[in-house]
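In: sequence and predicted structure below; questions after.
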Amino acid sequence: MVRSTTQRDHGTVVQLDAAAGAAKAKESAGIPLCGEKALVTPIGDDLALVTGVADSMPELIPVLLNGDPSMVMSATVISWKRKDAPAEASIGFVAVLPIRLQTKVRLSSLVMRKELPSRYALVRPPISLTNLMKVVMADAGDGFGEVSNALVQALATGNGSQKRSDAALAVLTASAVNDGWVEVMGSLDTGEVFLQGWARGLPDDLTRVIVVHDGFVSGELRSAGVERSDLGGNGRGFVALLNAGGASVSPEKLQKVFFRTESGWRTLDVYDRKVLLPMKDVPAHIRDGIPRANANQETMSVLRRAGERFDGRDTVSHLKQPVRLGMDMAVEIPGGGLLVAGWMLDPERLVNSVVLRAGNASVRVDNNWTRLPRQDVSGAFQSNELFAGRLDPQRHDHGFLAFVPGLSAAGDTPVYFEFEVEPDSVAFYPLQVVRAMSRRTLERLVSPLDPRTAAAAVAIERHIGPMMQATEHRAPRIAETRDFGFDDSAAAKALVVGAGADAEEIGVTLSLLALDPEARGMPVIISAPIEAFGTIAAEVERLARFYGIGIRLIASEGVQDSCDSFEAAVHATKAETLVFLSAGVLPRQSGWLSGLERAYRKRGGKALVSPTIVYEDESICFAGTWLEEGGKGLADRYIGYPRDVIRGSEASEVMAGTTTCCIVSRKAIEAAGGFTRSYLGTSDKGRDLCLKLRLAGTPSVWLPDVEMVSADDNASAGLPWRRLAQRIDRWSFDRKWSLLINNMK
């Protein structure tokens, strides 16, 4: 049976043959001293260690394989002086040889091309790395520490393969002597790892280390010695901070810490019954150890600062400087990120930075947040002793709002603000993160913004808009269903009324539909938010019995507007064609339903057909969404114009209809994925659905001669929140659709 290690590099292969035989061959007892033979140790598929003796050896040398001039490569050589050895064998060496050959060959010899070339026949079988370390340790004696260190560095460089990493770790393990144990560990929020335990020879202050942790990484250990009576003079305790640079080290995965002394490699092993500290408990442990620790001034200063890190307490409120903070809300946004809103008083501009931290992740927020007016904060602190006379009566921009993507408060991760305050002070403010935010909460948070200002545009661009797009909105879920003579088993179409919480509005709409001959025979679905179910259920039942019409009342969780009501109703009927009608939108004339259906059937059921919608003063509310001249965006034409301006107009295909009143295929809506829920209002949410339908082959059609009337909402449109919501929705809509609109003419 032949054992072999094979190397491949861009189609090339090298074979290092092992001896045949059923029994394992005996490993070499030592380095061949004849100067004509060498030991070989394969490392993975692209590296070999060759060990022998010579009269001299440079650090970098060309190597010729098998006497073939075409097979030359460069080797890194690690060498040591051999005690009491003859001149021709005064140097021992390990050559780190990257193997790259053009054909599959048996590697049997190599030539070191120094001043006087040396040829070595490779001893069979290859020697294992563990036995190689024993051989080198025995031969190098006191110089083994330097040899093993250089060998680790050579193995750790190159392509960073797992085989090389394992080999470097094996060298360290074979070389190192246990120096002590790590008994207590925990992470700081800065990424450093706190270590506590005991050791015999661990130096105080700064030591370069190699850490075994899912492989290994290099880093620095800053430690201070602690006298411990329980060790009987056989070592002393230590408290230390491990910094692995940019690498993340999880305490629960830490296995060993290697460091070098004059006598060679040492290791701190991790005690099996170690104590793992939660992040918030680590600073207190450091503070407890500092009074008994001894190290230089810099190390003690580093440890003290580490002991002042966040431990769950609010320290902003105890600052002697005039700096205070209050929070309105911290919300984890489904889909990723944190929204923070509150106020900060800093009249003397002492705060250098405000960093939002979630576990080991952090983002500075004060250089990007949106400031909001908060006169209530100014008034509350006007008479405060610390702030009296320091507040500018003309400035009230103490509020802030920021959306920070990429941070998460999952599990028990602590979330808090870190303040850097002059002079040389750090303070912390813990946050209670909630997992959900209603639309009313968002309205309350952003309502201080004036939608007409540049500040509002900046807030939308940086925070509110990205937050809305990042949020994963759950689709409405039907929670209650009640039927009153409802039967849609044989119905080709169903009328869906999107209801709010106003029972009187629903009553008016149902009464008019019941008196309409075309609508009277259709199955009607009333879709409402679950909060309104108890209010409107009795009225819907009364009207269904009074007029003898079939009604299904569904109430759903997660309904914010009529679009959400329509979304829920799509899954509540078997009818293939749906007529959407928002409560409060009423027929202006008879025949409206048949007019919509004729246009719909004329298109083979592959269209969303909408009527003209006018206000009660006969001005136009909706007459199609069109591509603007120049093709740079969409616009609703004729809004606010007298209805007479469209008299005589023909039915037209438009860029988007309105879901406030329309007829559409149920399957088309399902195929398009329904409404996009990252909008605050119904206008752009419905427009977004129309464009998705258009891309899928279902265009929108506007019927000018079919008219519906809607309650005049000019008063509500003037509300700052409504105007701000429209700006937010338009930002989201343009970001999604602006590049596609020109290709949809």
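Out: Right, received. Where do you want to start?

In: where does the residue of the chain most remote from its centre land on pLDDT?
Out: When distances are taken from the C-alpha mean of the chain, residue 86 lies farthest, 63.9 Å away, according to Cα atoms, centre = their mean. Per-residue confidence (pLDDT) for residue 86: 91.

In: with residue 173 instead?
Out: Residue 173 is assigned 82 on the pLDDT scale.

In: for residue 199, see how far away the spatially closest residue to residue 242 that is not a sequence neighbour is.
Out: Of all residues beyond its chain neighbours, the one nearest residue 242 is residue 193 (4.2 Å), with distances taken as Cβ to Cβ, 6 or more residues apart in numbering. (Glycine included, C-beta is placed from N, CA and C.) Remark: distance between residue 193 and residue 199 (Cβ to Cβ, to the nearest Å) = 16 Å.

In: then residue 258?
Out: 12 Å.

In: give me the common contacts of these two.
Out: Residues touching both residue 258 and residue 199 by Cβ atoms under 8 Å, 6 or more residues apart in numbering: residue 266.

In: all helices of the stretch 351-500 of the chain, in order?
Out: 375-381, 439-446, 454-459, 465-470 (DSSP state H, counting those that start in this stretch).

In: and those, which one averages the lowest pLDDT?
Out: helix 439-446 (a mean of 77).

In: and that helix, how far out from the chain's middle?
Out: 25 Å (Cα atoms, centre = their mean, to the nearest Å).

In: keeping just the C-alphas, turn the longest strand along the chain into CSV.
Out: Ranked by residue count, the top strand of the chain under DSSP state E comes out as strand 264-277. Extracted C-alpha coordinates of strand 264-277, given in CSV (Å, rounded to 0.1, in the frame of the first residue of the first chain):
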residue,chain,number,x,y,z
GLY,A,264,11.1,30.0,24.4
TRP,A,265,7.3,29.8,23.8
ARG,A,266,4.9,29.7,26.7
THR,A,267,1.2,29.2,26.7
LEU,A,268,-1.8,30.3,28.9
ASP,A,269,-4.4,27.6,28.6
VAL,A,270,-8.1,28.2,29.3
TYR,A,271,-9.4,26.6,32.4
ASP,A,272,-12.3,24.1,31.6
ARG,A,273,-14.4,25.6,34.4
LYS,A,274,-13.7,29.2,33.4
VAL,A,275,-16.1,32.0,34.3
LEU,A,276,-17.6,33.9,31.3
LEU,A,277,-18.6,37.4,32.2
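
In: ok, and what's touching that strand?
Out: The contact list for strand 264-277 (Cβ under 8 Å, 6+ apart) reads 144-145, 148-149, 172-173, 175-186, 194-195, 197, 199, 201-202, 251-252, 254-260, 285.

In: and for stretch 574-581?
Out: Stretch 574-581 is contacted from outside by 488-489, 491-498, 509, 522-523, 566, 569-570, 593, 596-597, 600, 605, 659-667, 669, using Cβ under 8 Å, 6+ apart.

In: take those residues and keep only those in strands.
Out: Among the contacts of stretch 574-581, DSSP E puts 493, 494, 495, 496, 497, 498, 661, 662, 663, 664, 665 in strands.

In: reformat these as TSV; add neighbour count and distance to residue 111.
Out: Output for those, formatted as TSV (neighbours: other Cβ atoms under 10 Å; distance: Cβ to Cβ, whole Å):
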residue	neighbour count	distance to residue 111
493	20	90
494	23	89
495	25	92
496	28	87
497	27	92
498	28	87
661	24	90
662	25	86
663	27	88
664	29	82
665	20	81
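
In: looking at these, which two lie furthest apart in space?
Out: 497 and 665 (18.6 Å; Cβ to Cβ).

In: can you pull the pLDDT of residue 633?
Out: pLDDT for residue 633: 84.

In: next: residue 248.
Out: pLDDT, read off for residue 248, is 81.

In: which of the ones in strands among the contacts of stretch 574-581 sits closest to residue 74?
Out: Relative to residue 74, the closest of the ones in strands among the contacts of stretch 574-581 is residue 665; by Cβ to Cβ it sits at 71.3 Å.

In: so that closest one touches residue 605, yeah?
Out: Yes - judged on Cβ atoms under 8 Å, residue 665 makes contact with residue 605 at a distance of 5.5 Å.

In: still on that earlier bit, tell me which strands the longest strand of the chain pairs with, and in which orientation.
Out: When pairing is defined by DSSP bridges, strand 264-277 lines up against strand 177-187 (parallel), strand 256-261 (antiparallel).

In: from the middle of its chain, how far away would the longest one be?
Out: It stands for strand 177-187. With Cα atoms, centre = their mean as the basis, strand 177-187 stands 32 Å off its chain's centre.

In: for the stretch 51-200 of the chain, give me the ranges with low pLDDT.
Out: Scanning the stretch 51-200 of the chain for pLDDT under 70 picks out 100-105, 157-161.
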